[in-house]
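Chemist: requesting a structural model of the entry that follows:
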Amino acid sequence: MIVEKTKTGYSAYAEKHSVYTVGKTLEELKENILEALNLHFESEKKTINENDLKITLDLPQFFEFYKVINAKALSERIGMNQSLLAQYIIGHKKPSPAQTQRILKGVQKIGRELAEIRFLM
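Modeler: Next up, the predicted model:
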């Protein structure tokens, strides 16, 4: 599903199927996507669950939604010029597929590291 930020929240559409939906928040959008996909595939007796979803965001939308991610720290972590990443984020420049993959891998690595953290009790 391709997700886009709108003035009222988010919209999503499938590239290969006639499925479109909206939501005020990304969580609401995910729920609406599941409902729309399950309605679409109902006649085929196919059930879609959250693990089946593949959501695609562009960089500005990603950083808008995940404001908790510090772009400066991320640029240092992945060895990318901070100014260049900032230009990608605000949409002044479009990253190449290789640069997009580099950023994605960095974000995913941080996500895996965070998922493995345990606190002392």
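
Chemist: my read: K72 touches Q82, true?
Modeler: Yes: between K72 and Q82 there is a contact under CB atoms under 8 Å: 5.4 Å. Glycine gets a C-beta too; all of them are placed from N, C-alpha and C.

Chemist: neighbour count winner among these two?
Modeler: The residue with more neighbours, out of K72 and Q82, is Q82; 13 against 10, by other CB atoms under 10 Å.

Chemist: so who does the more buried one touch?
Modeler: Contact analysis of Q82 by CB atoms under 8 Å, 6 or more residues apart in numbering lists A71, K72, S75, E76.

Chemist: buried ones among those residues?
Modeler: A71, S75 (16 or more other CB atoms under 10 Å).

Chemist: greatest separation within the contacts of Q82: which pair is it?
Modeler: Greatest spacing in those, by CB to CB: A71 and E76 (9.8 Å).

Chemist: got a markdown table for the contacts of Q82, with secondary structure too?
Modeler: Formatted as a markdown table, those follow (DSSP: H, G, I helix; E, B strand; the rest coil):
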| residue | secondary structure |
| --- | --- |
| A71 | helix |
| K72 | helix |
| S75 | helix |
| E76 | helix |
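
Chemist: doesn't V107 lie inside a helix?
Modeler: Yes: checked against three-state DSSP, V107 lies within a helix.

Chemist: returning to that earlier point: CSV for the contacts of Q82, including pLDDT?
Modeler: CSV is the format used below for the contacts of Q82 (pLDDT from 0 to 100):
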residue, pLDDT
A71, 92
K72, 93
S75, 96
E76, 96
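
Chemist: for the lowest-mean-pLDDT helix or strand in the chain, packing partners?
Modeler: Every helix and strand of the chain was ranked by mean pLDDT, DSSP states H and E. The lowest is helix 59-65, at a mean of 84. Taking 3 or more CB pairs under 8 Å, 6 or more residues apart in numbering; DSSP states H and E as contact, the helices and strands that helix 59-65 lies on are strand 2-6, helix 82-90, helix 97-116.
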